[in-house]
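Undergrad: could you work out the structure for the sequence below:
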Amino acid sequence: MREAANQLVPVAEPTMAVVGWREVAHLPLLTPTLVRAKIDTGATTSAIHASGITIAHRADGEAFVSFTLHTTDQSDGQERVSGHPVVAFRFVRSSTGEGEYRPVIRTALVIGQKSFEAEVSLTERDRMGYRMLIGREALRGRFHIDPEGSFLQGKIPKT
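TA: Residues are numbered from 1 along each chain as shown. This is a model prediction of the structure:
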């Protein structure tokens, strides 16, 4: 019996970690608090809820940002961050269709056992269900996504 020429060839098992549609993220250089984040393949850059965003420029023109980081709905989930370098200002269109220029910072991001640098835009996400979005740039080459899974890389311990 002759085999079909268009049969699928088995592929090796993936070596990348699998994340669900929401995961726990940690930004160790910005806050000790763990953040519940939504995995968003529709977003290029990751984003986190911040308020009181102020930009300052050095004499050489380099921009720095100070802001209050909101990691939970409670007031104990706030950290003031001062003097963090801005790597870019990007025009971002939100899911509501409105656009805004946002400061973007580069910082350490930990999801599960993977630690890496990621670009994160700062914006008001007060009315959104998750304080942080993890976008495609942070996910690419590191994670596969299981849209039915949730907190596959771990959960925030209950206190």
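Undergrad: can you list the strands that the strand or helix carrying residue 118 pairs with?
TA: Residue 118 belongs to strand 114-123 when assigned by DSSP states H and E. In the sheet, strand 114-123 lines up against strand 46-57 (parallel), strand 99-111 (antiparallel) (DSSP bridges).
Undergrad: mind listing the strands for this protein?
TA: For the chain, the strands defined by DSSP state E occupy 17-19, 22-26, 34-39, 46-57, 63-70, 78-85, 88-93, 99-111, 114-123, 132-134, 143-145.
Undergrad: what distance do you get for the spatially most central residue of the chain to residue 71?
TA: A centroid search over the chain (CA atoms, centre = their mean) returns residue 134, at 3.0 Å, as the residue closest to the centre. Residue 134 is 14 Å from residue 71, where distance means CB to CB, to the nearest Å. Every residue, glycine included, has its C-beta placed from N, CA and C.
Undergrad: again, but for residue 82
TA: According to CB to CB, residue 82 stands 17 Å off from residue 71.
Undergrad: now do the contacts for the residue lying closest to residue 106 once chain neighbours are set aside.
TA: In space, residue 106 comes closest to residue 87 once its chain neighbours are excluded; the distance is 5.0 Å by CB to CB, 6 or more residues apart in numbering. Residue 87 is in contact with 104, 105, 106, 119, counting by CB atoms under 8 Å, 6 or more residues apart in numbering.
Undergrad: highest neighbour count among the residues you listed?
TA: Within the contacts of residue 87, most neighbours by other CB atoms under 10 Å means residue 105, with 23 neighbours.
Undergrad: ok, the residue nearest to that one when sequence neighbours are not counted to residue 128 distance?
TA: Among residues not flanking residue 105 along the chain, residue 84 sits closest, at 5.2 Å (CB to CB, 6+ apart). Distance from residue 84 to residue 128, counting by CB to CB: 22 Å.
Undergrad: okay, those two: which has more neighbours?
TA: Each of residue 84 and residue 128 has its neighbours counted (other CB under 10 Å); residue 84 has more, 19 against 16.
Undergrad: OK, contacts around residue 35?
TA: Taking CB under 8 Å, 6+ apart, we find residue 35 in contact with 24, 25, 26, 27, 48, 71, 72, 131, 132.
Undergrad: now the helix or strand of the chain with the lowest mean pLDDT against strand 46-57, angle please.
TA: In the chain, no helix or strand scores lower on mean pLDDT, DSSP states H and E than strand 78-85, which sits at a mean of 81. Strand 78-85 and strand 46-57 are oriented at 60 degrees to each other (axes from the mean of the first three to the mean of the last three CA atoms, to 10 degrees).
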